[in-house]
Structures are given as C-alpha cells and as structure tokens.
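S.K.: One predicted model, sequence on top.
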Amino acid sequence: MSLPPGSPEPVEREKRQRLFFALWPDEAVRTQLAGLATRAARRNGRVVAECNLHLTLAYIGSTVPAMRDCMVKQVDALQSSPFTLHFDHAGYWPRPKIAWLSPAQVPEALSTLHQDLCTRLAFCGYEPESRPFRPHVTLVRKARHKPNLAVPEPVVWHVNRLCLVESITDPAGARYELIAGWELGALPAESV
C-alpha cells in the first residue's frame, strides 16, 4: 500500500514486552514444586507448568525498550546476597482461584531484596503494588477449592539468582522467557 504524496511517514511503534522480575528455581527445586503442584491440582484446577514455576518479586507489565533498559541498569547496581527459602506453607486465594506454596517465615533477606528492587525500579517509572508483598509460588490456577495439600518436608530453595522475565501469551497459554539474570552478590547482568 502506498501513501498519498505529502503524507507523513508512518511512525514505527516500539515493541512492548510484558515483563516481571522473579526468583527462578534450579531444576531440583522446580521438580519438587512441580510434584506438589500435581498433587494440589488433582480434580481441582490447572497445574502450572513446571517450566513456569517461579516467585515474582515485581510485576512490571507492558514495557517499552527504554524503560526495560533503565530497569536493567538500576538492577545492575542492586546489592544482595544469596539466602535460603523454606517453602512449608500451602494456601489458597479464592478470588483469583489460586493454590500456592510459601515460606511460613519470610526471611529478612527476601523482604529487603523486594524492597530494594522496587526502590530502584521506581527511578524508571515503576509504581509498586499497594498490597503487601506476599511471596509465593503459584502451583494451581482456576482451583475451585483449597487443595488438601500437606507439605511433609519443606522445599528448601537456595536463592542465588534474580531474573528479568518476559511473559508471552500464545494459543497454548502463557510461557516465560528469561531476558536477563543477576547472580546475587555478583553484578552486572548476564544475558540469558
């Protein structure tokens, strides 16, 4: 299609990405979480795919490249050390119909990492949620009731990495693609 003479050139839109910052489990932790998700989803909703299990620290949403780049630079300067999470508490939120797993005791290191991350991202225009931070891993979506899920032994997760993740929706559902990662205690970002 050609434009009439004298028409302005079309403006190319910036490619937007739906992003979030998360803690991403290693294979062994992911396998344990997936086993609990499968048990929680029996006749009760849709299990979250093993490859999508994570703990969200900050949901950013639809983002232009300039904002993403600003956030990466801010996180490059973030200081945090590795820590350990003990996932020993299963729960259910009826309104979003989500079954989840969380640490009964949230370590100070996780709370500090979340707060420091949100403070740095605010320099790029990010507005943190007004709700309190409730760290969890979603196991089941569209759950009709609270699953009967006991956690006989805590899932122990040695957290040593923060990730920037893109959420991509396609006909098969949501899939997550790691964009960048930071080893806690060692910066700057590395490409994933």
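M.R.: Noted; the coordinates are in hand.
S.K.: C-alpha only now, for contacts and for neighbours.
M.R.: Fine.
S.K.: For residue 152, the count of nearby residues, please.
M.R.: For residue 152, the neighbour count with other Cα atoms under 10 Å is 8.
S.K.: State the pLDDT value of residue 13.
M.R.: If you check residue 13, the pLDDT there is 58.
S.K.: From residue 53, how far off is residue 45?
M.R.: Distance, residue 45 to residue 53, using Cα to Cα, to the nearest Å: 16 Å.
S.K.: How about residue 120?
M.R.: From residue 120 across to residue 53, the span is 25 Å (Cα to Cα).
S.K.: what do you get for residue 185?
M.R.: Going from residue 185 to residue 53 by Cα to Cα gives 23 Å.
S.K.: Those two - which one has more neighbours?
M.R.: Ranked by neighbour count (other Cα under 10 Å), residue 185 and residue 53 place residue 53 first, with 21 against 13.
S.K.: contacting residues for that one?
M.R.: By Cα atoms under 8 Å, 6 or more residues apart in numbering, the contact list for residue 53 reads 24, 25, 30, 33, 34, 137, 138, 139.
S.K.: How far off centre is the helix or strand hosting the fourth one?
M.R.: Residue 33 belongs to helix 27-40 when assigned by DSSP states H and E. Centroid separation between helix 27-40 and its chain, computed with Cα atoms, centre = their mean, to the nearest Å, is 17 Å.
S.K.: can you tell me the average pLDDT over the next helix or strand after that helix?
M.R.: The helix or strand immediately downstream of helix 27-40 is strand 46-47, counting by DSSP H and E. Averaged over strand 46-47, pLDDT sits at 92.
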